[in-house]
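[1] The sequence and its predicted three-dimensional model are supplied below.
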2 protein chains.
Amino acid sequence: MTRAPEALAKSLGYQFNDPGLLEAALTHRSAGSGNNERLEFLGDAVLGHVVAQWLYSACPEASEGQLSRLRASLVKRETLADIARGLALGDYLHLGSGELKSGGFRRDSILADALEAVLGGIVLDGGFEICRDCIQRLYAGRIDKLSVADELKDPKTRLQEYLQARKLALPVYAMTHISGKAHHQQFSVECRIEELDVVAAGVGGSRRKAEQSAAVNMLKRLGVDG
Amino acid sequence: MTRAPEALAKSLGYQFNDPGLLEAALTHRSAGSGNNERLEFLGDAVLGHVVAQWLYSACPEASEGQLSRLRASLVKRETLADIARGLALGDYLHLGSGELKSGGFRRDSILADALEAVLGGIVLDGGFEICRDCIQRLYAGRIDKLSVADELKDPKTRLQEYLQARKLALPVYAMTHISGKAHHQQFSVECRIEELDVVAAGVGGSRRKAEQSAAVNMLKRLGVDG
């Protein structure tokens, strides 16, 4: 029933030296021992590294928090399952009979885990550089689908756009406190969204920075940012 | 006040081509912009990858869960701060005046973050292989301090040792259910610790596997495993 993995090697652009590694990567735990759980652990780590380094270079202006959020959206289950479907990975999986009957080969979690396991297999079999290149091919074009531009907008702009999209009035920023001596002042600002009855505070070395900080906290309170 | 980073290069066993990267890695956010937060993001990812691959090879019998726990203990803040202290990393840090006064150069979080940032700098400056070798040098001997052997013991043994160390009676395992036809039977087992009034269940394709699974769940309930 399962397709022979040669075709998969072609779509991955990588031919395994040790075909047993690819077999293991395609074996769900429901199919017994020799399954892909350990390889998934490894693949997840490699993928996290490759995407981190790629974002670091591609987004020189992004903060650590922005880099984290961008990476999370690139390595989340849905994204991985989507890439796995592009490879028709479900056709190559070894599943136990229960998972087969319930259509496990279509499930996001099983597809995402298997893709990570395949990447784990590639790094063991071909080394880091080859695995990195393979990840880059798999993700080609995907950065455009991501709202990188959105993520890199400043927080006040993002908050404004979020509210406008929901036909809500713009937030009101108000200075609540200034402390410290001249040249070392700390500004405290409050950001208020009247209609939602939510307030978030921010501090910073300038009024502008304090407002951005309040917007960051408001985006968190609204659940927009993690 | 801060020591010149040349001595650090020596203890790291790596000379930066771009000294600016090392400077940035040593700059805490309290000292202003150009700080180490982005490099820390990158270094954390590289470290996670290197340690994962290393454990994968070193512990061929470890399950994915065991690998995860071993890695967590190797990359946790306390471990990183300990390694950072071995490098006297605190002596090289650039901190804002507030952090300086409050002894930030001694704080685990600041030391751990800076070490990750230094690793992020090395991977950018020297590439993956060089960074991996550096991580291996930094961790040399540390695997012995870890309770790898403990972690790799089977769950029933670990549970037993945990209870004995606390002078508690051994757990009682009892079969509660068998389902399925011959050769495809599923065994359900209950693990009970009378004195603590805790019960955990497990299932498996054999009585032994079901008991191990119940022990795994009991270790989680007791907070021994994450």
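    Looks like it arrived, so ask away. As the structure is a prediction and not an experimental result, all values here were calculated from the model. Numbers count the residues shown, from 1 in each chain, chains lettered A, B, ... in the order given.
[2] Now do the domain split for chain A, please.
    A:6-145, A:153-221 (automatic domain parsing).
[3] Check these for me and report the most buried one.
    domain A:6-145 (a mean of 19; mean count of other CB atoms under 10 Å in any protein chain shown). C-beta coordinates here come from the backbone N, C-alpha and C atoms, glycine included.
[4] chain center to it: distance?
    Put simply, domain A:6-145 sits 13 Å off its chain's centre (CA atoms, centre = their mean, to the nearest Å).
[5] Give me the longest helix you can find in chain A.
    helix A:37-58 (DSSP state H).
[6] circling back to that earlier point, which one of the domains of chain A has the poorest average confidence?
    Among the domains of chain A, domain A:153-221 has the lowest mean pLDDT, at a mean of 89.
[7] quick check, that domain touching chain B?
    No. Using CB under 8 Å from any CB of the partner chain, we find that domain A:153-221 stays clear of chain B, coming within 9.8 Å at best.
[8] quick one on the thing from earlier: beyond the longest helix of chain A, next helix or strand please.
    helix A:64-75 (DSSP states H and E).
[9] what helices or strands is the helix or strand that comes right after that following helix leaning on?
    Using DSSP H and E, the helix or strand that follows helix A:64-75 in sequence is helix A:77-86. Helices and strands touching helix A:77-86, by 3 or more CB pairs under 8 Å, 6 or more residues apart in numbering or on different chains; DSSP states H and E, are helix A:108-126, helix A:128-139.
[10] and of those helices, who's closest to A:L159?
    helix A:128-139 (28.9 Å; CB to CB).
[11] Can I get the helices and strands packed on helix A:77-86 in JSON lines including distance to B:A214?
    Shown next, in JSON lines, are the helices and strands packed on helix A:77-86 (distance: least, CB to CB, whole Å):
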{"stretch": "helix A:108-126", "distance to B:A214": "24"}
{"stretch": "helix A:128-139", "distance to B:A214": "38"}
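[12] And these: which comes nearest B:Q212?
    Here helix A:108-126 is closest among these (CB to CB), at 22.2 Å.
[13] how about the closest one against chain B, any contact?
    Yes. Judged by CB under 8 Å from any CB, helix A:108-126 and chain B are in contact via A:G120, A:V123, A:L124.
[14] hang on, the first one packs against A:A25?
    Yes. Counting by CB atoms under 8 Å, A:G120 touches A:A25, with 6.7 Å between them.
[15] Could you name every residue contacting both of the two?
    Common contacts of A:G120 and A:A25, defined by CB atoms under 8 Å, 6 or more residues apart in numbering or on different chains, comprise A:L39, A:G43.
[16] thinking again about what came up before, closest one of the residues of helix A:108-126 next to chain B to B:G13?
    Taking these together and measuring to B:G13 by CB to CB, the closest member is A:V123, at 24.2 Å.
[17] who's in contact with that closest one?
    If you count contacts by CB under 8 Å, 6+ apart, then A:V123 has A:L42, A:G43, A:V46, A:I130, A:C131, B:Q53 around it.
[18] what's the distance between it and A:K156?
    Separation of A:V123 from A:K156 (CB to CB, to the nearest Å): 41 Å.
[19] What separation do you get for A:V75 and chain B?
    In this view, A:V75 and chain B are 10 Å apart by CB to the nearest CB, to the nearest Å.
[20] quick one, what contacts that residue?
    For A:V75, the contacting residues are A:D44, A:L47, A:G48, A:V51, by CB under 8 Å, 6+ apart.
[21] again with A:H94
    Neighbours of A:H94 in contact, by CB under 8 Å, 6+ apart: A:T2, A:E23, A:L26, A:T27, A:H28, A:A31.
[22] and what of A:P19?
    Per CB under 8 Å, 6+ apart, neighbours of A:P19: A:P5.
[23] Let me have the residues of helix A:108-126 next to chain B in TSV, adding distance to A:V224 as columns.
    Compiled in TSV, the residues of helix A:108-126 next to chain B are given as follows (distance: CB to CB, whole Å):
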residue	distance to A:V224
A:G120	33
A:V123	34
A:L124	39
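[24] Out of the contacts of A:V75, which is nearest to A:S97?
    Closest approach to A:S97 among the contacts of A:V75 (CB to CB): A:D44, at 27.1 Å.
[25] Quick check: the closest one touching A:L115?
    No. Between A:D44 and A:L115 there is no contact under CB under 8 Å: 9.9 Å.
[26] which of the contacts of A:V75 come close to chain B?
    Answer for these near chain B (CB under 8 Å from any CB): A:D44, A:G48, A:V51.
[27] I'd say the second one and B:A45 touch.
    It refers to A:G48. Yes. A:G48 is within contact range of B:A45, at 5.1 Å (criterion: CB under 8 Å).
[28] gap between A:G141 and chain B?
    Applying CB to the nearest CB to A:G141 and chain B gives a distance of 22 Å.
[29] what's the spacing between A:A25 and A:S206?
    When A:A25 is compared with A:S206 (using CB to CB), they lie 52 Å apart.
[30] Ok, A:L89 next?
    50 Å.
[31] ok, now A:A215?
    14 Å.
[32] what does A:H177 give?
    14 Å.
[33] between the two, what contacts are shared?
    Common neighbours of A:H177 and A:S206 (CB under 8 Å, 6+ apart) are A:F187.
[34] if we can go back for a sec, among the contacts of A:V75, which one lies nearest to chain B?
    A:G48 (5.1 Å; CB to the nearest CB).
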